[in-house]
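Peer 1: Below is the structure, and that's it, no one-letter string:
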């Protein structure tokens, strides 16, 4: 699941765009607890993508592969990334597989 791109119907979009509501309302905790109880080994790290997967599955929405349309470029200058995954020195893209998919 990519938390930056999705192809949805209007009805499905309300679920996809409700993550902030679930977080601040406290519903996020119940969704995460349910997902971890069902498949603890599946959720190795707390990432935006994992959260989006849990939310969409909780809403019983089918998820299919959506090829990446963009990628994150790395630069020696500019603000540092706030992500857990940082650019590697000398690597032009943050996620090489994402760049390759987008450039196809």
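Peer 2: Good, I have the coordinates. Everything quoted here is computed from the prediction, not taken from an experiment.

Peer 1: Okay, now stretch 93-104: how far is its last residue from its first?
Peer 2: The first and final residues of stretch 93-104 sit 15 Å from each other (Cα to Cα, to the nearest Å).

Peer 1: Stretch 3-15 now?
Peer 2: End-to-end for stretch 3-15, by Cα to Cα: 13 Å.

Peer 1: Please work out which residues outside that stretch touch it.
Peer 2: 16, 48-49, 51-52, 55-56, 59, 61, 66, 68-70 (Cβ atoms under 8 Å, 6 or more residues apart in numbering). To be clear about C-beta, it is placed using only N, CA and C from the backbone, and glycine gets the same treatment.

Peer 1: Would you check how far apart the residue positioned nearest the centre of the chain and residue 77 are?
Peer 2: The chain has residue 49 as the residue nearest its centroid, 2.2 Å off, counting by Cα atoms, centre = their mean. Separation of residue 49 from residue 77 (Cβ to Cβ, to the nearest Å): 27 Å.

Peer 1: Great, nothing more from me.
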